[in-house]
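Novice: Sequence and predicted structure, then a few things I'm wondering about:
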Amino acid sequence: MRGMMPSAVVRAVLLAALWTSAASSAAWSAACSSAPPPTKAVKVGIILTYSGPDASIGEAIDRGAELYRTLHQSELPAGVELQLIKRDETGPTPDVAKRLARELIVREGVQILTGGQWTPNVSAIAPLATEAGIPYVVMSSGTASTTRLSPFLVRVAFTTWQHSYHMGKWAAANGLTRVSTIVSDYAAGLDAEQAFIEGFKSGGGQIVSSIRAPLRTADYVPFIERVRRDKPQAVYGFNPGGPEATRFIKAYHDLGLAEAGIQLIGPNAIVPDDELKNMGEAAINVISASHYSAAGERPANRTFVSEWKKAYGQDAVPNYFAVGGWDGMAAIFDVITAQNGDIDPKRSQEILTNWSNPDSPRGPMRIDPETRDVIHNIYIRRVQQFDGELRNVEFATIPDVKDPWKELHPAGSASTR
């Protein structure tokens, strides 16, 4: 037939094709044998406030978590990837937080939950963690009873009682006998109020007046004016921190309470490290209790602050929310590493409830396996100015502080909330 190739030519073409195919297969096999193992994804869902008036708090937690992840990514086991799935709760909105947590668990299949900025939101999410049987690493919410909401909840942040109860005891031991209180009217604020009062009264102190202001108060002047009229030696304040803390400090300063000899004391929330520049000289000499200060001289903290500035700018300052994000991510990394990325909920919980970090920026810390709450140092600090910069300078240390509320209210007691 016309157009057909001689049989010898056909055989040559077929042999060439077979040779090319065999060579390609060999090359593919060689490439596969040298390729890295398939990525094993560990899904972690984080729910924080990323928008609205309280976004700065969520941003600090998120930045702390992201900084740890960036600096320690190479320490994860080969072929293991941490997928951080973020959701914006928009503020203290329990219904929104609950919906987002359900989506993360059911739709995204997360193996660990974290975040925990607001106590009301944590209260809404905790039952879902229990139902799903997955760990919930709380990086912020300070209400003392929070860890009793779920056996799967572990807190790496702090409790308001650790700060405020010891602030009260310190005040009574250092010459203050008459104090008024102003707190934000929500769970953490009421917790802080009770903690300070119990600590202060245990040392013989007298409460002159107790004032509660709405959460997100825009103008603190009417509340602080009442304190000025009551003329205590000091006023203990508590609010969620962030811009609200600046509004509180400026009202205290503008009404002349410092000049009148009324000392301002409180937990770290009233003078967050990153808000000091916005508060200005109004914050000088304010005394607070905290588990962290950016001015701390610990080597791990100096490294943390240095890396923070490299990542977020030389004017950026990490606060106590940021260190909660950092330590929370450190705990999650240890969970992943210990299991080589094969996450078992029961094993994860065992690791978290016995977790410790001797080199945290805050100083040595560990989780109390009985309460799943954090144990760490509490520092008494004073705002001072150095080289034109305001700092929370630590001048006294109370070591290895457990949550006082749980020690005073054991699980199962009549007063347990």
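Specialist: Noted; the coordinates are in hand.
Novice: how much space between Leu255 and Ile262?
Specialist: Noted for Leu255: a distance of 9 Å to Ile262, by CB to CB, to the nearest Å. Any C-beta I mention is one placed from the backbone N, CA and C, and that applies to glycine too.
Novice: Looking at these two, which one has more neighbours?
Specialist: Between Leu255 and Ile262, counted using other CB atoms under 10 Å, the more crowded position is Ile262 (21 against 17).
Novice: Grab the nearest non-local neighbour of the more buried one.
Specialist: Setting aside the residues directly before and after it, Ile262 is nearest to Val235 in space (CB to CB, 6 or more residues apart in numbering), at 5.8 Å.
Novice: Would you agree that neighbour falls within a helix?
Specialist: No - counting by DSSP: H, G, I helix; E, B strand; the rest coil, Val235 is located in no helix; its state is strand.
Novice: can you list the domain ranges for this protein.
Specialist: Domain segmentation of the chain under automatic domain parsing yields 40-158+298-369, 161-290+379-408.
Novice: possible to save the ones you listed as TSV with mean pLDDT?
Specialist: Output for those, formatted as TSV (pLDDT from 0 to 100):
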stretch	mean pLDDT
domain 40-158+298-369	97
domain 161-290+379-408	96
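Novice: packing partners for the host helix or strand of Glu59?
Specialist: Counting by DSSP states H and E, the element that carries Glu59 is helix 55-72. In terms of contacts (3 or more CB pairs under 8 Å, 6 or more residues apart in numbering; DSSP states H and E), helix 55-72 is packed against strand 40-48, strand 80-88, helix 299-312, helix 320-338.
Novice: Quick one: the helices in the stretch 301-417 of the chain, in order.
Specialist: With DSSP state H, counting those that start in this stretch as the criterion, the stretch 301-417 of the chain has helices at 320-338, 345-353, 404-408.
Novice: got the buried residues for the last one?
Specialist: For helix 404-408, the buried set under the neighbour-count rule, 16 or more other CB atoms under 10 Å, comprises 404-406.
Novice: and if you look at the second one?
Specialist: Neighbour counts over helix 345-353 (16+ other CB under 10 Å) mark 348-349, 351-353 as buried.
Novice: same for that helix, what does it pack against?
Specialist: strand 153-155, helix 320-338.
Novice: Flag every buried residue along the last one.
Specialist: Within helix 320-338, the residues that qualify as buried are 320-336, counting by 16+ other CB under 10 Å.
Novice: about what we covered before: spell out which residues are contacts of both of Leu255 and Ile262.
Specialist: Residues touching both Leu255 and Ile262 by CB atoms under 8 Å, 6 or more residues apart in numbering: Arg228.
Novice: all strands in the stretch 1-150 of the chain, in order from the N-terminus.
Specialist: With DSSP state E, counting those that start in this stretch as the criterion, the stretch 1-150 of the chain has strands at 40-48, 80-88, 112-115, 136-138.
Novice: Could you single out the most deeply buried of the ones you listed?
Specialist: Comparing the strands of the stretch 1-150 of the chain by mean neighbour count (mean count of other CB atoms under 10 Å), strand 136-138 ranks first with a mean of 29.
Novice: Parallel or antiparallel, which strands does that one pair with?
Specialist: strand 112-115 (parallel), strand 153-155 (parallel) (DSSP bridges).
Novice: For Ile265, give me its contacts.
Specialist: 167, 171, 176, 179, 234-237, 286-288.
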